[in-house]
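Can you look at this prediction? I've put the sequence above it.
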Amino acid sequence: MTVAAARNDASYANFREAGYWLDKTVDQLLTEAVARTPDKVAIVADRADREQAPRFTYKELEKLADRAASSLVRLGVRRGDVVTVQLPNWWEFVVTAFACSKIGAVMNPVMPILRARAALHPELLPDEGLHCAEDLSRIRLRRDGAGHAGRPAAPQARDRCRRRG
């Protein structure tokens, strides 16, 4: 064993002993938070373009994540698939991250400043398990309803997303 490997093993053990490393997924942590404090505010979605900041309880957040996960599964996303998401740091990003975790998909966040051409560059996309922006753009998250179909993706996004795993 190398010195670096020994240090890493010691670090893992220290994190576990201190309670920082729980061997749980984020969606498991969300489920536990819902069980403990379902009506506690989990997210305050403050944005400059809105007067009122929506607040989401843990229970509401889990319900939205469940709906988004169901929508992703209906679109063909499976465990181990990579879901590339281009969203700002809004509440929809958090819901999408939990939804991916619930189905075992890997969320690949892409900076919103990137244009479709850069975001869908072949070197940034996985070889298998790719789900087209055209498919994922059909999901719209709403606080008052399930994910639902929306407008289709831009033509350049569809053209760059022809291969699927």
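Okay, I see it. Numbers count the residues shown, from 1 in each chain.

how far away is residue 71 from residue 82?
Look at residue 71 and residue 82: by Cβ to Cβ, to the nearest Å, they are 17 Å apart. For the C-beta atoms, the positions are set from N, CA and C on the backbone; glycine is no exception.

make that residue 12, sorry
Residue 12 sits 26 Å away from residue 82, going by Cβ to Cβ.

For the two, indicate the residue with more neighbours.
Set residue 12 next to residue 82 and count neighbours by other Cβ atoms under 10 Å: residue 82 wins out with 18 against 11.

I figured that one hits residue 108, correct?
Yes. Taking Cβ atoms under 8 Å as the definition, residue 82 is a contact partner of residue 108 at 5.2 Å.

quick one: low-confidence parts of this protein?
Within the chain, the segments meeting pLDDT under 70 span 1-9, 114-165.

Which SSE is immediately downstream of the host helix or strand of residue 71?
If you go by DSSP states H and E, residue 71 is part of helix 58-74. Where DSSP H and E defines the elements, the next helix or strand beyond helix 58-74 is strand 82-85.

Past that following strand, which element shows up next along the chain?
Proceeding N to C from strand 82-85, the next assigned helix or strand is helix 91-103, under DSSP H and E.

what's in contact with that following helix?
The contact list for helix 91-103 (Cβ atoms under 8 Å, 6 or more residues apart in numbering) reads 25-27, 30, 43, 45, 54, 56, 61-62, 64-66, 68-69, 71-73, 77-79, 83, 85, 87, 106-107, 109, 141.

okay, the angle between that helix and helix 58-74?
Angle of helix 91-103 versus helix 58-74, following axes from the mean of the first three to the mean of the last three Cα atoms, to 10 degrees, is 70 degrees.

which outside residues touch the helix or strand that helix 91-103 is followed by?
The helix or strand immediately downstream of helix 91-103 is strand 106-109, counting by DSSP H and E. Contact with strand 106-109 is made by 80-87, 93, 96-97, 100-101, 126, as judged by Cβ under 8 Å, 6+ apart.

what's the neighbour count on residue 99?
28.

about what we covered before: by neighbour count, which of the contacts of strand 106-109 wins?
residue 96 leads those on contacts (other Cβ under 10 Å) with 26 neighbours.
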